[in-house]
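*Asks:* Mind folding the following:
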Amino acid sequence: VGTNDFGLQLFKGFQFLNFIDLPENMMGAAFDVAFIDHELFLATGKGLMKLHLSGDGFYTLLAHQVFLPGIGIKFIETDGEKGLWIASDYKVWYFNRTNNELREIKAFNPYFAIINKITSFSKDKFGRLWVGSVEGLLMYNPSNDQVERLSQENGILKNYISVVQAIGDTIWVGSRQSSLGVNYIVGNKVHKIDLPLVNTPISFFKKNKDLWIGTENQGILVISGDSLKKRITIDDGLLSNHISFIRGENRNIWVGNQKGLNYLSANNRTSWISYTKEQGFMGVDCLPGVVFTNDSTMWLGTSQGAILNQINKMPRFDEEILPVISRFLVNNKVAAIDKSIQLNYRQNEILIEVSAVELYAPEMMQLSYRVNGLNQRWKVLDVKQGISLIGIPPGDYSLQIKTLNYNGQLAELKTPLNWTINPPWYYST
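*Replies:* From the prediction side, this is the model:
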C-alpha cells in the first residue's frame, strides 16, 4: 500500500485517484470518465475536470484544469482524439482538445427545460449522438446540426429513457419501469424485445449472440433471441442487483454495481469474483462511467472519485482453497494418517486439526465438515478448535471437509479421511 504526492493511492492492483492535491471543492463523484493520450477527463458535479497524467500503468498527476466550473457534468463521449461531447442535465457541449474551447450545441436547447432532462448519452459509429431524456429519445447529427426526436409515437416503449447505448450497428434503448421490454434501432427502424419482468435497464452488453441487460434492481437479464435465457443476481455471486455497467475485456466480463465491482473470468464462467473495499476497491460503489485504455487497464467512475484498475495486476482468486488435514490425534497422541486407519475400541477420542490457506481475504473463508458414520449433517468448522469426536462407538467412519472462499468458490478435501474403530473381540462371537 502506498500513496504518492499527487493523490494516487496504490493498493492491490487498484490506483485510487482521491484528489488530495486538488482544491477541496473539486472532490466528489466521477459520474463519467474518458481517457485520451494521458489526459483523463472526469464528469463531476463541479464541472468538467481535465487531468494531465504521466507514466504508464501507474500514473502521477502533473496538472489539472476545470471547465464549466459550477455546472454539474454527467456524461462524456469521445470524438476520437479530437475532442469530447459532454452533457449536463440540460445542455450539451463539444470540447475541442486542441484549443480547450467549448461550443454549446444549441440545437438541443428547445428540447430541455425544468420538466425535461438528459438521462443517458451515447455516440454511434457514424458520429451521431443519441441522447435519452425524460420525454423521449433524441438523435443529433453533427453534419447538419439537426436534432430528431423519437417517442412512443415512433415505437419507443416509454418516453422516460433510462439508457441509450450504441453497440456496433445497433442502438439499444431502455425505458424506466417498463413492463413491455426494450427497444433496439437498426437503420431507421425501431424494434422491440418483450421481457417478462418489470425492470429499468441501466446498461447493455452483447456477448456472442446473447444480450446482457443490467437493470436497476433485477440484476442482469440474459436474453437469447427474443426470450429470457437466465437471470444473474446476488444469489449467483453479484454484490448487488442494482447494476451500473456491464463491459467486456479479452472475453472477460466486468460488472459495476452499487456495492463494488464484479468480475467473471473467461476461464471460469461459473464463479463471480467480487472487489469491495476489503479487496482494495476504494470507490465503494460504481457509477456508469467506465473506459478501457488498453487490454490491461480501465478507469472507473465512482461516488468517491476515479479509480484506475490494473487488470493484469489484480488478484483473480481463480484457484481453489483446498483444506488440508494437519494432524490426526487419537487419545491425545499423534497418529499416522494412512489409507486405512485401524483403531481399537478404546481409541475413541479423536481430534482432527485442519488448515486452509487463504492469503487475500482469510476472514471471509468458511469451512464445514461432515463425518459419515455418525449420521451428521454439515457443521461449521472452527480451524482453531479442530474437529473433536469423543466416545464414538465402533464402526466405519469417513470425514468430508469443504471450504468456501470469499467469492463463493467451493473446494473439498480431495480424498476423504477414512478410519475404522474395531469392536472388542467378544463382540465378534
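*Asks:* ok, the residue nearest to residue 224 when sequence neighbours are not counted - contacts?
*Replies:* Distances taken as CB to CB, 6 or more residues apart in numbering put residue 210 closest to residue 224, at 5.3 Å, once the chain neighbours are dropped. The C-beta positions use only the backbone N, C-alpha and C, and glycine is treated the same way. Counting by CB atoms under 8 Å, 6 or more residues apart in numbering, residue 210 touches 222-224, 229.
*Asks:* how close does residue 210 sit to residue 52?
*Replies:* According to CB to CB, to the nearest Å, residue 210 and residue 52 sit 40 Å apart.
*Asks:* again with residue 418
*Replies:* 66 Å.
*Asks:* Check the secondary structure at residue 326 for me.
*Replies:* Look at residue 326: counting by DSSP: H, G, I helix; E, B strand; the rest coil, its state is strand.
*Asks:* surely it meets residue 353?
*Replies:* Yes: counting by CB atoms under 8 Å, residue 326 does reach residue 353; the two are 4.3 Å apart.
*Asks:* Who has more neighbours out of these two?
*Replies:* It is residue 353, of residue 326 and residue 353, that has more neighbours when counted by other CB atoms under 10 Å, with 16 against 12.
*Asks:* which helices and strands does the helix or strand harbouring residue 371 pack with?
*Replies:* Assigned by DSSP states H and E, residue 371 belongs to strand 366-372. Packing contacts for strand 366-372, counted by 3 or more CB pairs under 8 Å, 6 or more residues apart in numbering; DSSP states H and E, involve strand 379-380, strand 387-390, strand 395-404.
*Asks:* Please identify the deepest-packed of those.
*Replies:* Highest mean neighbour count among the helices and strands packed on strand 366-372 (mean count of other CB atoms under 10 Å): strand 395-404, with a mean of 17.
*Asks:* What pairs with the very next helix or strand once past it, parallel or antiparallel?
*Replies:* Beyond strand 395-404 on the C-terminal side, the first helix or strand identified by DSSP H and E is strand 410-412. Strand 410-412 has its sheet partners listed here by DSSP bridges as strand 395-404 (antiparallel).
*Asks:* could you check the angle strand 366-372 makes with the partner strand?
*Replies:* Using axes from the mean of the first three to the mean of the last three CA atoms, to 10 degrees, the inter-axis angle of strand 395-404 relative to strand 366-372 is 160 degrees.
*Asks:* Contacts for strand 395-404 next, please.
*Replies:* The contact list for strand 395-404 (CB under 8 Å, 6+ apart) reads 320-323, 325, 352, 354, 356, 358, 365-374, 378, 381, 387, 410-413, 416-421.
*Asks:* Ok, stretch 164-174 next?
*Replies:* Residues from elsewhere that reach stretch 164-174 (CB under 8 Å, 6+ apart): 120-125, 130-132, 137, 156, 161-163, 182-186, 200-206, 211, 213.
*Asks:* now that stretch: how far from the chain's centre is it?
*Replies:* Distance of stretch 164-174 from its chain centroid, counting by CA atoms, centre = their mean, to the nearest Å, is 21 Å.
*Asks:* Any idea which helix or strand in the protein has the lowest mean pLDDT?
*Replies:* Lowest by mean pLDDT, DSSP states H and E among the helices and strands of the chain is strand 2-3, with a mean of 32.
*Asks:* where does the closest residue to residue 145 other than its chain neighbours land on pLDDT?
*Replies:* Residue nearest to residue 145 in three dimensions, not counting chain neighbours: residue 107, with 5.4 Å by CB to CB, 6+ apart. At residue 107, the model reports a pLDDT of 95.
*Asks:* Surely residue 107 touches residue 142?
*Replies:* No: Residue 107 is beyond contact range of residue 142, at 9.6 Å (criterion: CB under 8 Å).
*Asks:* just for the stretch 151-300 of the chain, where's the confidence low?
*Replies:* Scanning the stretch 151-300 of the chain for pLDDT under 70 picks out the ranges 267-270, 278-280, 282-283, 295.
*Asks:* Is it correct that residue 108 falls within a helix?
*Replies:* Yes: under three-state DSSP, residue 108 falls within a helix.
*Asks:* Report the separation between it and residue 248.
*Replies:* Between residue 108 and residue 248 the computed distance is 31 Å (CB to CB).
*Asks:* same thing with residue 74?
*Replies:* Distance from residue 74 to residue 248, by CB to CB: 24 Å.
*Asks:* So if I had to pick from these two, which one is more boxed in?
*Replies:* Shown here are residue 74 and residue 248; by other CB under 10 Å, residue 74 has more neighbours (23 against 15).
*Asks:* Phi first, then psi, for the more buried one.
*Replies:* Backbone torsions for residue 74, taken as degrees, to the nearest 10, come to phi -110, psi -30.
*Asks:* Pretty sure it sits against residue 131.
*Replies:* No: if you go by CB under 8 Å, residue 74 and residue 131 don't touch, sitting 11.3 Å apart.
*Asks:* joint contacts of these two?
*Replies:* In contact with both residue 74 and residue 131: 87, 118, 121, using CB under 8 Å, 6+ apart.
*Asks:* could you list every residue that touches the last one?
*Replies:* The neighbours of residue 121, taking CB under 8 Å, 6+ apart as the test, are 32, 74-77, 85, 87, 129-132, 164.
*Asks:* Which PyMOL command selects the buried ones in those?
*Replies:* Buried residues among these (16 or more other CB atoms under 10 Å), as a PyMOL selection:
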select buried, resi 32+74+75+76+77+85+87+129+130+131+132+164
